[in-house]
Every structure is written in C-alpha cells, then in structure tokens.
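Asker: generate a structure from the sequence data that follows.
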Amino acid sequence: MTDAPAVAIVGMSGRFPGARDLGEFWANLRDGVCSITDFTENELLTAGVDPTELRAPGYVPAKGFLADAGRFEHELFGFNAAEAAALDPQHRLLLETAWSALEDAGYDPRAAPVRTGVYVGGAPTEHATAAQVDRRLRGRHGPMQVRVLTDREFLAGWLSYRLNLDGPSLTVHTGCSTSLATVHVAVQALLLGECDLALAGGVSVDSPYRRGYVYEPGGIASPDGRCRPFDEKAAGTVGGDGVGLVVLRRLEDALSDGDPIHAIVRGTAVANDGAARVGFTAPGVDGQTAAIVEAWAAAGLDPAEAQFLEAHGTGTDLGDRIEVAAAAAAFDGAARCAIGSVKSNVGHLNAAAGVVGLIKAALMLRHRTMVPTVNVTRPHPDLDLESTPFHLLTAPTSLLYT
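Answerer: Numbers count the residues shown, from 1 in each chain. Now for the predicted structure:
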C-alpha cells in the first residue's frame, strides 16, 4: 500500500436508467440486468416522435431511459414555479443529486462545515436548444435569465449558489470524458488545498422524453439497441441519460473526522495525444497507454495488484480494439484481470459516462464483488484477449483482499 496522498469518496448519489437510487443500481449490476428500454410505437408517437422518422428503415426504438427526469422539487431549492418550468432538466437533476450525495456523506446539504468545491459537467440538451428560441419564454424571463436557467455552463454555479457552497465552482466540458475529468480536477484541488470537500460528477439528459435513434452503418450506434463491449457480437453503443456525483475529501481528513469511506482514489491522470489520435473522436493507442501509466505512477501502485478494469467500452470495433491494446500495454505485469463496461447495463451516458463507471467501481469495493458485463458471451476474436491480462465476467465474482 502506498503512502502517497490520497482522496476518499465519502458520499455518492446517482440516478440511472432502471435505477432511482444507488441501491437499485447495485441490485441491477449484481444481477446482470440490462436497463435499456425498448419503446413501443405508440409510446414514441405519444412522446412526439415524427411518424416518418419512426417508421423509416434503421430507426432503433431504444434508449437508456431515465424515468421522471422532468420532475423537480422546486420549492426546496428556492425556485418559483415559472423559473422551475424554464430550468433545464440537467440543472434540476444535478441539484437533487448534490443534495442526496452530501446527505450520504453525512453533511447538511445547506451547511457544509468546510470549504466545498463544485466540479461538474453536462451535455447539450433538447430543452436548452428549444428554450433559446422560445419567444414566450424569453419575453417572460428575458434572454439572459433564460440562458442562465438552461445553459450547461451554469451547472456548477447553480449548485454553489443554491447550496451555499463557497469553494471553487467550475463547469468542465471534455465530451464523454467530462465527469471523470471533473473528478481529476477535484482531486487536484483537494490535494493543493483549494478546498476541503468537493462535489464532482456529471449529468446527461439530451431529452426527458422517450426517443430512439437512427442507425447509420459505420457509425458509433448499435443496430439493435444493445451495447456488447468486447464481445464477438459487439456492433456499437446506445445512448442513455443519467446523473451521478461523488463527494470527495482528503483521506487523512476523512479518517480523522470519521467520515464514511466508500472507496479511495489513489491517483488520477489526464492526457491528450494531439494529432496522433486515430481521429478527432477516437484516441490513439500510445496516448491512452501513457495516460494509464501516469495514473498508475500517481497512485504509487503496481499493475500486478489489479483485479478489475472498468473501461470506456463502447462496444465499437475501433474503440474496443484501441482500448484493449492501450490497457494491455499499461497493465504490463498484471496477472489475470477482469475487464468490463457499465454501458452494457445503462447505455452511453455522454457527459455522465465516466462517473457512473466510477460509482460502479466504488460499489463493487463496498460489496467486495465484481459484477458481470451483460449482453456478452465470448470475446471478440480481433481483440486477442487471451494474450492480454484481461477476461470478461459473465457472473458475479468475489474481490480478493490482501
């Protein structure tokens, strides 16, 4: 065990497809439940999907659907009914999740006793796009207030303002790595003493309504509405909505004050491989390997100790091959290690994709159980997993502690 400075996860909260809270989320993970929803034609028509689009070839009526994403207890957070109606669902969900995450950590959500930073991010939303061109809404609130109530750049600001959190307040955007980037920034802020407690994570609700998507050959989306990371039948990913936050504190402070500790973050790293990536939306093997190696070094740990790798795992041919090649090089010296991706359970949650994987990993530590990757049977032959440390799990497996 390393003596390097570390950060504890002292609180967690989230809402994901098929799970109103982390108790339900863990049960779904443990039991190998796929929470992607297949919509009926009537459900989609009622939700306003264009009939021509719905009945066109290639339309996939599936999504990691987040129930009740549009509901909000506005009085609790000081919004009047008109403001709440304009407020973007991502702001609503993040406020409610921050409240429950702080409670999970044992703190009064409106009276955190230490300087608390906020590091969050979100995705573009249908609501925000519509609000910006809604003349009635702009006439009622004014253009600036509509922007403040709907734009994702104000996600962190609303949390800090409504929960009276006086630490640094940053909204972070790095695409689908957003919520893990917020954790990295929060960890560094804690270790540098910029704050003493931190909320980190992300939210993604492109639409609170039932929606499918149009499959395009060669694209990232799955043709059948299922994500099968690293499997022989892997053909793409499927979108989903969700929100997740972790509450972080320096480990020594958490231990000193008797905070609940769900997991320990020993090290983090970020990187960018510039023009060396395969394409603008796909990393290169060398750059991804370097980032993982840097994280190992920051943690002061040996890859030989690894038992599970929670991967990005989109289930795309190119993405899976790059990720396995990079991880295999970075896990040099590792023994047998399971690899998985929560996208098989809930879909690709865009800006919240990383934090849902982190919360999954923390829950596995709490329950001392590695959970299966659903929708998989046999590894894709092109990945050559037999020559790497990695293998797929199809059933719950105990974590080993030394």
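
Asker: drop to CA atoms for contacts and neighbour counts, all remaining ones
Answerer: Noted.

Asker: counting neighbours, what do you get for residue 335?
Answerer: Around residue 335 there are 15 other residues, counting by other C-alpha atoms under 10 Å.

Asker: an error on my part: the question was meant for residue 45.
Answerer: For residue 45, the neighbour count with other C-alpha under 10 Å is 14.

Asker: what mean pLDDT does stretch 77-89 get?
Answerer: Averaged across stretch 77-89, pLDDT comes to 94.

Asker: what's the end-to-end length of that stretch?
Answerer: 14 Å (C-alpha to C-alpha, to the nearest Å).

Asker: how far off centre is that stretch?
Answerer: Relative to its parent chain, stretch 77-89 has a centroid offset of 25 Å by C-alpha atoms, centre = their mean, to the nearest Å.

Asker: what does stretch 264-273 give?
Answerer: Chain-centre distance of stretch 264-273: 16 Å, with C-alpha atoms, centre = their mean.

Asker: what is the end-to-end distance of it?
Answerer: 28 Å.

Asker: contacts for that stretch, please.
Answerer: For stretch 264-273, contacts defined as C-alpha atoms under 8 Å, 6 or more residues apart in numbering pick out 4-9, 181, 184, 187, 251, 283-284, 286-288, 290-292, 294-300.

Asker: whichever of the residues you listed end up buried, select them in PyMOL.
Answerer: Applying 16 or more other C-alpha atoms under 10 Å to these, the buried members can be selected in PyMOL as follows:
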select buried, resi 6+7+8+9+181+184+187+251+283+284+286+287+288+290+291+292+294+295+296+297+298+299+300
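
Asker: from the contacts of stretch 264-273, which land in helices?
Answerer: 181, 184, 187, 251, 286-288, 290-292, 294-299 (DSSP state H).

Asker: would you state the strands of the stretch 51-200 of the chain in chain order?
Answerer: For the stretch 51-200 of the chain, the strands defined by DSSP state E, counting those that start in this stretch cover 59-60, 62-63, 116-122, 169-171, 197-204.

Asker: what is the next helix or strand after the longest one packed up against?
Answerer: This means strand 197-204. Later in the chain than strand 197-204, the nearest helix or strand by DSSP states H and E is strand 213-214. If you count contacts as 3 or more C-alpha pairs under 8 Å, 6 or more residues apart in numbering; DSSP states H and E, strand 213-214 packs onto strand 59-60.

Asker: hmm, back to that, widest-spaced pair of the ones in helices among the contacts of stretch 264-273?
Answerer: The most widely separated members of these are 251 and 286, with 32.0 Å between them, by C-alpha to C-alpha.

Asker: pLDDT below threshold where in this structure?
Answerer: 1-3, 402 (pLDDT under 70).

Asker: among the strands of the stretch 51-200 of the chain, which is nearest residue 16?
Answerer: Short answer: strand 197-204, nearest of the strands of the stretch 51-200 of the chain by C-alpha to C-alpha, at 10.0 Å.

Asker: mean neighbour count, the strands of the stretch 51-200 of the chain: which tops it?
Answerer: Greatest average neighbour count among the strands of the stretch 51-200 of the chain goes to strand 197-204 (a mean of 32), per mean count of other C-alpha atoms under 10 Å.

Asker: ok, and what's touching that strand?
Answerer: In contact with strand 197-204 (C-alpha under 8 Å, 6+ apart) are residues 90, 93-94, 98, 114-125, 178-180, 182-183, 186, 190, 240-250, 349-352, 355.

Asker: of those residues, just the buried ones, ChimeraX syntax please.
Answerer: To isolate the buried subset of these in ChimeraX, counting by 16+ other C-alpha under 10 Å, use the following:
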select :90,93,94,98,116,117,118,119,120,121,122,123,124,125,178,179,180,182,183,186,190,240,241,242,243,244,245,246,247,248,249,250,349,350,351,352,355
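
Asker: re the thing from before, got the strands of the stretch 51-200 of the chain as JSON lines, with distance to residue 108 columns?
Answerer: Output for the strands of the stretch 51-200 of the chain, formatted as JSON lines (distance: least, C-alpha to C-alpha, whole Å):
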{"stretch": "strand 59-60", "distance to residue 108": "44"}
{"stretch": "strand 62-63", "distance to residue 108": "35"}
{"stretch": "strand 116-122", "distance to residue 108": "12"}
{"stretch": "strand 169-171", "distance to residue 108": "19"}
{"stretch": "strand 197-204", "distance to residue 108": "13"}
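
Asker: just the CA trace of stretch 311-324, in PDB.
Answerer: Presented in PDB, the C-alpha positions along stretch 311-324 are these (Å, rounded to 0.1, in the frame of the first residue of the first chain):
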ATOM      1  CA  ALA A 311     -13.300   0.500 -19.300                       C
ATOM      2  CA  HIS A 312     -14.900   3.100 -21.500                       C
ATOM      3  CA  GLY A 313     -16.200   0.100 -23.500                       C
ATOM      4  CA  THR A 314     -18.500   1.500 -26.200                       C
ATOM      5  CA  GLY A 315     -18.700  -1.800 -28.000                       C
ATOM      6  CA  THR A 316     -17.500  -0.300 -31.300                       C
ATOM      7  CA  ASP A 317     -14.900  -2.200 -33.400                       C
ATOM      8  CA  LEU A 318     -12.400   0.600 -33.400                       C
ATOM      9  CA  GLY A 319     -12.900   1.800 -29.900                       C
ATOM     10  CA  ASP A 320     -12.700  -1.600 -28.300                       C
ATOM     11  CA  ARG A 321      -9.500  -2.500 -30.200                       C
ATOM     12  CA  ILE A 322      -7.800   0.700 -29.200                       C
ATOM     13  CA  GLU A 323      -8.800   0.500 -25.600                       C
ATOM     14  CA  VAL A 324      -7.700  -3.200 -25.100                       C
END
